[in-house]
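Trainee: Give me a 3D structure for the following:
(chains A and B)
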Amino acid sequence: MHKNLPKTDVVIIGMGAAGGVAALPLTNAGLKVIGIEAGGWLSPRDFAPDELRNGARNWPQAVQKAATEAPTVRATSDQKAVQGGHPMMNAVGGTTMHYWAQSWRLNPWDFNVVSATRERYGVNRIPTDSTVEDWPFGYEELEPYYEKVEYAVGISGQAGNVHGRINSTGNIFEGERQSEYPMRPLRASPFTDLMSEAAQRLDWNPFQGPAAITSELYDGRPPCQYHGFCNKGGCHVRSKSSTAFTTIPKAADTGNLDVVTYARVTNIVADHNGKVTGVDYIRGDEAFFQPADVVLVASYAYENVRLLQLSKSRAFPNGLSNNAGQVGRHYLSHHQGSPVIALFPRDLHNWYGLPAQGVAIDDWADDNFDHRDLDFIGGANLWAHTDRKPMGAAKMSTFGLVRNWGSEWKKFIMENADRSNMAYIQKTTLPYEGNYLDLDPNVKDPMGFPVTRITARYRENELRIAEFSQDKMEEWYREAGAIEVQRTGLGNAMGASTHAYGGTRMGNNTETNVVNRWGFSHEVPNLGILGASVMGTSGARNPTLTVQALSWRTAEYLANNWRSIAG
Amino acid sequence: MASKNPIKNNDKQAADQPLDPSRRNLLKTASIVGAAAVGSGAARNVIAQDSPRSSASSSPIAREALEVLTAEEAETLEAICDCLIPSDENGPGAFEARAVHYIDRALASHNKSARENYMVSLEAINNYSKQTRGKPFYRLIKDYQNSILAGVQSNKVPGCAPSGSGFFNTVRNHTIDGTFCDPYYGGNQNFVGWDMIRYPGIRLSASETDVAQGAALEPNHQSAYDHDTYTKMASNTAMNQRGGSDNA
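Mentor: Purely as a prediction, here's the structure:
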């Protein structure tokens, strides 16, 4: 039934943030790579500055494969799981086409949360029901790969620590870097200046955050135009350093990459010896088997886990690489909600700009402050940014000052549409017993395969950070002159998120982890896994750059050890 | 450009309108502007006649098909939208933006799944109006309309779907969308929504000087689709020039 295709060296499932990066070191090493992608090619002409289409109507991701297989969500296993939306998109370049593009390195503390916490605060400070482990290596081991990706993809930012030299215009808490960013940070705005000055009065350390967006001409791509339709819309001038405009075309230029678009992988095939032999996929009405020496799964956390769980065989009756029962475990989605909203007494000039054009505070993130008298570990990155469009502005909070319709309300938004701001607060989130991904027993995709079911909720540690960080954010807004400050709820269920981690965690212990320190399966020697599904901790910042550094590292390891892995 | 004048106007059609038409005749010509002027009560009539924009003699009446809504649903919805974002002493509102035209089109396409809730809820609101005030919603004076709409929001008007507050939130969202969206979609006519909140408009590039000006920046009144690069025609041309294989 499946048409057999000629064998290739490597199949990568998913040409997004992770797969799109891994393709470059592999093809540079001369390996033949086939990238199987569920979406198609998009171009800058597809990214019209259209708030209704891109935002409210969620084009193009509303019509894609991911939308038909959105996970179901429940907080605890005694509840019924309900299907919501899927936060990611299918395309060559994946969600890097339209993401915010904040591109952080994790803090060194995020790699060894367990040992660092024990050392500083004693053995009892790790939440008892958490399954968190130290990563199998420290920040220093990933540092060279962060640097490779920052230059290959194109990241703008201000370094805070190069060779131990601290620069207070950058992040003074970051791990030591070997080089500056390839581009200066995105420009400040009247609003980020207002917030930076307020932070300085509080004796905090504000800095412009790093972004996968050009701040100057870079690698043939023009600088950011700050037009304000970056989030969801994608970039009309290719300033956003999506893999579709950076590493993927470079990999294709080697002649060693073929991208198969609009293809749905349905099964990763394993032989009786427990090695993978290739993948089954469907394109249009046709079914194919693509044989390969090595398979890299790079289809985002939910689909990575689902593909393994669906791929059952004699050698892996409970799903591929799941004989230890760890696929789907240690799942977490980043606590990035519970924002604080402020109203200012004058216009903020935020009609133009982008979410990555912001000012960050890391003073209350990770272990950058003393937790001895606190009842949680970790912390939050506070982010104040420019991003406003008219429909969203009209739907602004009324701060309880007027009813939300009628003449009084109209007068309110006429005055205040450009005077509010919502903070983005990313918090340390841990994995826990009882938080996991499995196949939903009831809900299926249009092809009849079960969708992923998320059973997960935030615990005390996350909720305490949320409350603590809201205090800090309110203090910051008040110092900047806000006249009203509103907080939202602290959160409960971990819904389907753009920051989903775990499910195929990386670690040395084969009983509690799916992949080894190089990203290859403990159980299947020629199966590698790319994406945040291998990450065991979230840090307090966006995952993509870490995902890309890990992907480069796994790909480079594969190229350097080809015979032992593929053989 | 279509987006600068998003609704096709027809002077001849407007001139042919009877001066004091019955509501039914107006609806037959699919002229919602005129219908609303009659249907929204005395205050609306004054505004409509005083406003050059909606006066038949000095401004063309838009030709708008009803793609989904019935005539009475459209009239009821027009009155609701005018309560939500009123035309008042502070300037035009959802009526001038043609939010109802936007919603009607959206219910035929992207928001199709909301259509049944609109049908059920608009009828429930009219039934409640008739029972409590003796007239359908769109014939009531503004004060009564506002009080009934507040009742919808607080779940005091029976029969709305999925609930009073649920329908209220839907129609509020859609009215805002129709007032502040890109004019291509049939609302925000003449950019009245963007002007209302002092949005200076879509620009493909915003300089530091532009940003520094804030609301003092001259509104440019452009739709996204005033930029050729995003139109169908431009896509076709570009594809032909590049042999249809522009991959990245």
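Trainee: Quick check: longest helix in the chain by residues?
Mentor: As the question left the chain open, I've gone with chain A. Here the longest helix in chain A is taken by residue count, with DSSP state H as the criterion, and it is helix A:460-479.
Trainee: wait, I meant chain B there
Mentor: For chain B, assigning by DSSP H, the longest helix comes out as helix B:115-133.
Trainee: Mind giving me the packing neighbours of the next helix-or-strand element following it?
Mentor: Beyond helix B:115-133 on the C-terminal side, the first helix or strand identified by DSSP states H and E is helix B:142-153. Using 3 or more Cβ pairs under 8 Å, 6 or more residues apart in numbering or on different chains; DSSP states H and E as the contact test, the elements touching helix B:142-153 are helix B:71-84, helix B:115-133, helix B:164-180. (Glycine included, C-beta is placed from N, CA and C.)
Trainee: For helix B:142-153, list every residue counted as buried.
Mentor: Along helix B:142-153, the positions that meet the burial threshold by neighbour count (16 or more other Cβ atoms under 10 Å in any protein chain shown) are B:142, B:144, B:145, B:146, B:148, B:149, B:150, B:151, B:152, B:153.
Trainee: With stretch A:99-117 instead?
Mentor: With burial defined by 16+ other Cβ under 10 Å, the residues of stretch A:99-117 counted as buried are A:99-114, A:116-117.
Trainee: just to revisit the earlier point, any chance of the buried residues of helix B:142-153 in a markdown table, with pLDDT and distance to residue A:403 too?
Mentor: Shown next, in a markdown table, are these (pLDDT from 0 to 100; distance: Cβ to Cβ, whole Å):
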| residue | pLDDT | distance to residue A:403 |
| --- | --- | --- |
| B:142 | 98 | 15 |
| B:144 | 98 | 17 |
| B:145 | 98 | 15 |
| B:146 | 98 | 10 |
| B:148 | 98 | 15 |
| B:149 | 98 | 11 |
| B:150 | 98 | 8 |
| B:151 | 98 | 13 |
| B:152 | 98 | 13 |
| B:153 | 98 | 9 |
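Trainee: Just name the closest of these to residue A:292, please.
Mentor: For those, the minimum distance to residue A:292 (Cβ to Cβ) is 58.0 Å, reached by residue B:153.
Trainee: Give me the contact list for the least confident helix or strand in chain A by mean pLDDT.
Mentor: Comparing helices and strands within chain A by mean pLDDT, DSSP states H and E singles out helix A:65-68 as the least confident, with a mean of 92. By Cβ atoms under 8 Å, 6 or more residues apart in numbering or on different chains, the list of residues contacting helix A:65-68 from outside reads A:38-39, A:61, A:85-86, A:88-90, A:264, A:300, A:303, A:445-446.
Trainee: And the residues you listed, which is closest to chain B?
Mentor: residue A:39 (12.9 Å; Cβ to the nearest Cβ).
Trainee: Which helix or strand contains the residue nearest to the closest one when sequence neighbours are not counted?
Mentor: In this structure, residue A:39 finds its nearest non-sequential neighbour in residue A:90, 3.1 Å apart by Cβ to Cβ, 6 or more residues apart in numbering or on different chains. Using DSSP H and E, residue A:90 maps to neither a helix nor a strand.
Trainee: Next, give phi and psi for residue A:90.
Mentor: Dihedral angles of residue A:90 (phi, psi; degrees, to the nearest 10) stand at phi -100, psi 130.
Trainee: Flag every buried residue along the longest helix of chain B.
Mentor: So helix B:115-133, judged by 16+ other Cβ under 10 Å, has buried residues B:117, B:118, B:119, B:121, B:122, B:123, B:124, B:125, B:126, B:128, B:129, B:133.
Trainee: Please name the residues that touch the last one.
Mentor: If a contact means Cβ under 8 Å, 6+ apart, then residue B:133 has B:140, B:144, B:148 as its contacts.
Trainee: can you rerun that using 7 Å?
Mentor: Contacts for residue B:133 were tallied using Cβ atoms under 7 Å, 6 or more residues apart in numbering or on different chains; they are B:140, B:144.
Trainee: and it, what pLDDT?
Mentor: The model reports residue B:133 with a pLDDT of 98.
Trainee: what about it, distance to chain A?
Mentor: Relative to chain A, residue B:133 is positioned 19 Å away (criterion: Cβ to the nearest Cβ, to the nearest Å).
Trainee: Residue A:221: neighbour count?
Mentor: The local packing count at residue A:221 equals 19, with neighbours defined by other Cβ atoms under 10 Å in any protein chain shown.
Trainee: ditto for residue A:179
Mentor: Here the count is done by other Cβ under 10 Å, and residue A:179 has 13 residues near it.
Trainee: Tell me the buried residues in stretch A:205-218?
Mentor: Across stretch A:205-218, burial judged by 16+ other Cβ under 10 Å covers A:205, A:206, A:207, A:208, A:209, A:210, A:211, A:212, A:213, A:214, A:215, A:218.
Trainee: Done for today, thanks.
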